[in-house]
Structure formats: C-alpha cells, structure tokens
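Novice: using only what follows, build the 3D model:
(chains A, B, C and D)
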Number of protein chains: 2
Amino acid sequence: MTETPIRASKHAPIFVTVDLVIFTVRQDVLQVLLIERGNEPYFGLPALPGGYVRDGETLDQAALRELSEETGVDGRQLHLEQLRAYSEPERDPRGRIITVAYLALGPDLPHPVAGTDARAAHWTPVASVLDRVSLAFDHSDILCDALERARSQLEYTTVAAAFCNEPFTVGDLRQIYEVVWGVPLDPSNFRRKVTHAEGFLVPTGERRYPDIGRPATLYRRGPARLLVPPLLRSGEAAHASLCL
Amino acid sequence: MTETPIRASKHAPIFVTVDLVIFTVRQDVLQVLLIERGNEPYFGLPALPGGYVRDGETLDQAALRELSEETGVDGRQLHLEQLRAYSEPERDPRGRIITVAYLALGPDLPHPVAGTDARAAHWTPVASVLDRVSLAFDHSDILCDALERARSQLEYTTVAAAFCNEPFTVGDLRQIYEVVWGVPLDPSNFRRKVTHAEGFLVPTGERRYPDIGRPATLYRRGPARLLVPPLLRSGEAAHASLCL
DNA sequence: TCAAAAGTGTTCTACTTACACCCATGC
DNA sequence: GCATGGGTGTAAGTAGAACACTTTTGA
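Specialist: As a prediction, this is how the structure comes out:
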C-alpha cells in the first residue's frame, strides 16, 4: 500500500489466474486432474485446470467456479485451500500473469467431465506425472508443492476424510494415508490414533459388510478440523515422500 | 490457464501489491513495523508497509525491495516468506487490488528508518496493536495470520534464530520463543532440545560475560532449516497464543 | 474350518516434564 | 559469601512402534 495513485506508470496492471491441483484417490492411487491444452502456448501439453480471476470475484470464488466448471462438482463439498502465488515474470509467454494455486481434495469424483470449454480432462496418477510427464508453464513446480502440502496436511488436520465418500470405515481412511504418503501403516495403531482424536470420526451406528471378512463400523467426518494429537509421518515416511 | 486471449474483456487486469509483516523482538516484546499512511484512503492510520509489484519483478523480489526501502536493511539477511494472497474485491477503495502478504523476521534492526517515500515508520508492540489499534485495509487480518504463522514456524523450523543477532546464547534464543509464544519455558529442557537438534546451533567457541552470572557459550545459526524433532507448544502455550 | 479384515491388548522404547542440583562469574 | 543466570542429571509419566492375539464375517 503506497500513496501513489493507482494509474502511475511503473505500477503495471497484472493478469491474475487461479490454478487448481485437484487430488483424489481412485483405484488405490493418488490422482490429479489434468487438462490438455487446446491452444498456444504449450498446445497439446497437459496442464492444471484454471483460469482468469474475474471482476468482483475473490480468489476463493474464482477457484470454486473453476473447480465446478472442470469437475461438474459443487466445490462446497470439497476441501479447498490456497497454496501460494507464483510470479516468475517469464512463467507465461503471453505476458505478465501471476497465478494463485489452490489445493483441492475430494473423494473419487463422478467423471473427469470435460470442462465448459470442451477441453479434455483426465485423472492422472501423480506418480506417473512426476516421473515422466512435464506440464505446461510452471505447473510441475506447483504440483510438487501441492503434493507436499497435501501430505503434511494429513499430519495435522482431518482433511484425509475429504478424500472419502461418507460413510467410510477406518480402513478406507487408512488407505488414504497409505496412498498419499506412499507407505504402509500399522492398522491397529492407526485405528487407535484416529478413533482417539476428538471430533475426527463420528460413528453412524451402521456397519459395512465386505465381500469377505469381519464387518467394519462406519463413520462420518466429525467437526474437528485440526488433528490433535497429530498423526506424524515417521522418518521413513517423510523420506519416502520426497520421491514417490 | 485458459486458451482465452489475454485481452479478453471479462478478464480484467488487476493491480498487485505486496504487504510486509516485519516482526522483531525489541525490549523483550514482539514488535511489528507499521507505517503511518500519508494519503487517502485511511489517511493517518497505521498500516503494514508494502507497495506495488513492478514490471519484471517476482513477488519475492518486490517484497525484498520494499523491505530494504522500509528498514534500510539488506533483506537477504532476514527470513522472508510468502504468507498468502488477500483478494476481497472491496478490500481497497481505490479499485481492484490483490495483495500478497509476506512474513519477515529479523533481529532488533538498526532503526525504523522512514522509508524512501518519507512516511513515518514505527516499531509497535504486536499486543497493543491486536488489542486496541485498527489498521488500514484488511491489514489487521493479515497481521493475525502472520502472527499465527510465525508462532507455528517456531515449532517446526529454526527461524527463531533469525530474530537473534549473531552470535547469540541459548538464553537469547529461549527469550525469542517466550516472547513470541507468550509463555515461559523451562530453561533446562529448552537447552536440551535446541542443542540436540542437529544443525540448529553451531558453537563459536567464544563466551559472553553478562553483568552478573555465569558466562554463556555463544552460537551461530547452523545449516538446518527444519527443526527435528519439533519444539511443540504445549496445550497451554497453544491456547495462550489465541489471545495475547 | 479357513481366509481375510476388523478390532483389542501388551510390551518396549523414546521422549517430555518437572525439578533438584551444580557451575562460573561479579559484587 | 551470595545472587544470578548458565548448564547437567535424573526419576516419573506419557505417547508411539511393534506385534501377538481375538473377533466376525463369507465361502
């Protein structure tokens, strides 16, 4: 905030976009929603969904709008949080565009609906993207940051439940942790931790009968958003996260 | 990122600023650098230092530039990190301005030099600001978020050392934690934790002789940026942080 | 009765906390 | 000597890891 008038020349207006890293767990794998670019620059390359912020819109609103446009899902059901702004002057060859990245977490979503602009959208395993695929713009960097954020959010918050369709079992929830962190967890210790954390899980009273094995009690998300005590990755898990 | 051309009408350009929450510990109190606004809007009210992002500048560079303009200090010596973007359309009456807030931590700095624009700059105790003073724009919100970020950063990282002029003693460092968290800490347990954390403290071999009492060994910051194991606020400290 | 997954209990270890106590210095 | 922080040691309590074990179902 300076006293300089808004139209002063050296303070150039900047175009602002939001880009979304939408994670879900499908078929026991962490997946991210990517679109295929239909125009230059980076024509044909995969990219994160996103778009320009409109007049009168907050960044959160823009992210919600893009989210529902891309996935057809009401974003209010998903976990959505701001990651950070990316501002390298050369990050977009079209000109000065700053983007604010958002992290969205949701349960296995209906289908990767092609967006309103008829761009192809695909769920893509995160591991394969990090390994082999290079994304448009600086979206590979953003994806990395989002992945690390998601992993650490699982430690300190109850967002893992946002990956599960309700009602869910402790086993469902544990699978989320295992897939996102990329390490196996001890079922009995995991159960103790999540059931002892106040406000994390609320039993529905119902049970789910699997094809085989003992039925599991079903839960919904509790009111708690912070996970106390936190569920920390061990040194091994923290290290495994570096690669995937 | 959409394929829409950059000059399309509904994608309005937006002015982007950076605002800085610069914390230091002076006279046993956590203080924040505030400027007094010299123009409308909010003429005369205290505000966070900041300014417009210029052409060809990253947000980090803009923040560094503002930091050195406001404090006269080479920002490379300070800890500087992006907090988040604030984007309420009505947050600035002059028009559509999004700001990206930065958190800066530094040792007791030379003087609160009036910036290049000759605005008055003052170190102000954070507690008194939260209690009684309302800041321009949404800067009170930003200050709250920054304070909570700083407090939690002390748990998981070694940034507390950024508040100390080198070389410093374990007592100096403990005082930082006590002032920022607002709780007293056990000196002996604190010492054990920070000296056992790999790469946090490097002894200089020198000692400091206080006016009275046993001399203390002096340290510099080690290479570690993550603090393992973390130095967690107890339930009491975490609760105390809510108010201040 | 067997396989499979849910769920319980127990031991061992590591870490935190609280606090007693010693050390080195200026006065 | 004594006051004042610096610094070490230690016992009690707590939380996590590892793993043995029991339960409940379908086939």
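
Novice: what does the top helix by length along chain A contact?
Specialist: In chain A, taking DSSP state H as the definition, the longest helix is helix A:139-156. Helix A:139-156 is contacted from outside by A:19, A:21, A:23, A:32, A:47-48, A:83-84, A:86, A:99, A:101, A:103, A:105, A:126, A:129-130, A:134-135, A:159-160, A:176-177, A:180-181, A:226-227, A:230-233, A:241, A:244, B:1, using CB atoms under 8 Å, 6 or more residues apart in numbering or on different chains. In short, each C-beta sits where N, CA and C put it, glycine included.

Novice: among the residues you listed, which are in strands?
Specialist: Using DSSP state E, the subset of those located in strands is A:19, A:21, A:23, A:32, A:47, A:83-84, A:86, A:99, A:101, A:103, A:105.

Novice: sorry, back to before: is DNA strand D contacted by the longest helix of chain A?
Specialist: No: Helix A:139-156 lies out of reach of DNA strand D by CB under 7 Å from any atom of the strand, never closer than 10.7 Å.

Novice: show me which positions of that helix end up buried.
Specialist: A:139-140, A:142-143, A:145-147, A:149-156 (16 or more other CB atoms under 10 Å in any protein chain shown).

Novice: same question for stretch A:205-225.
Specialist: By neighbour count on 16+ other CB under 10 Å, the buried set for stretch A:205-225 is A:218-219, A:221, A:224.

Novice: what do you get for stretch A:68-86?
Specialist: A:68, A:70-73, A:75, A:78-86.

Novice: mind listing the helices in chain A by residue range?
Specialist: Assigned helices in chain A, in chain order: A:59-71, A:126-132, A:139-156, A:170-181, A:187-196, A:235-243 (criterion: DSSP H).

Novice: with mean pLDDT and distance to A:Gly95 added, can I get the ones you listed in CSV?
Specialist: CSV is the format used below for the helices of chain A (pLDDT from 0 to 100; distance: least, CB to CB, whole Å):
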stretch, mean pLDDT, distance to A:Gly95
helix A:59-71, 90, 19
helix A:126-132, 93, 27
helix A:139-156, 96, 17
helix A:170-181, 96, 36
helix A:187-196, 95, 48
helix A:235-243, 57, 35
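
Novice: among the buried residues of stretch A:205-225, which lie within strands?
Specialist: Counted as lying in strands by DSSP E, out of the buried residues of stretch A:205-225, are A:218-219, A:221.

Novice: turn those into TSV, columns for distance to DNA strand C and pLDDT.
Specialist: Shown next, in TSV, are these (distance: CB to the nearest atom of the strand, whole Å; pLDDT from 0 to 100):
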residue	distance to DNA strand C	pLDDT
A:Leu218	8	97
A:Tyr219	9	97
A:Arg221	16	95
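
Novice: nearest to chain B, of those?
Specialist: Using CB to the nearest CB, A:Arg221 is the member of these that lies nearest chain B, at 22.6 Å.

Novice: list the contacts of A:Val170.
Specialist: A:190-191, A:194-195, A:201, A:216-217, A:219.

Novice: and A:Tyr42, how many residues sit next to it?
Specialist: Using other CB atoms under 10 Å in any protein chain shown, A:Tyr42 has 18 neighbouring residues.

Novice: leaving out the residues flanking it, which one is nearest to it?
Specialist: In this structure, A:Tyr42 finds its nearest non-sequential neighbour in A:Ala136, 3.5 Å apart by CB to CB, 6 or more residues apart in numbering or on different chains.

Novice: kindly report the domain assignment for chain A.
Specialist: What automatic domain parsing lists as the domains of chain A is A:15-149, A:157-243.

Novice: would CSV of these with distance to B:Asp92 be doable?
Specialist: As requested, these are exported to CSV (distance: least, CB to CB, whole Å):
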stretch, distance to B:Asp92
domain A:15-149, 13
domain A:157-243, 30
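
Novice: picking up where we left off before, isn't the residue nearest to A:Tyr42 right next to A:Ala47, touching?
Specialist: Yes: counting by CB atoms under 8 Å, A:Ala47 is a contact partner of A:Ala136 at 3.9 Å.

Novice: who touches the residue of chain A found nearest DNA strand D in this structure?
Specialist: Chain A approaches DNA strand D most closely through A:Arg214 (2.8 Å), counting by CB to the nearest atom of the strand. Contacts for A:Arg214 (CB under 8 Å, 6+ apart) come out as none.

Novice: pop out the phi and psi values for it.
Specialist: Reported as degrees, to the nearest 10, the phi and psi values for A:Arg214 are phi -70, psi 140.
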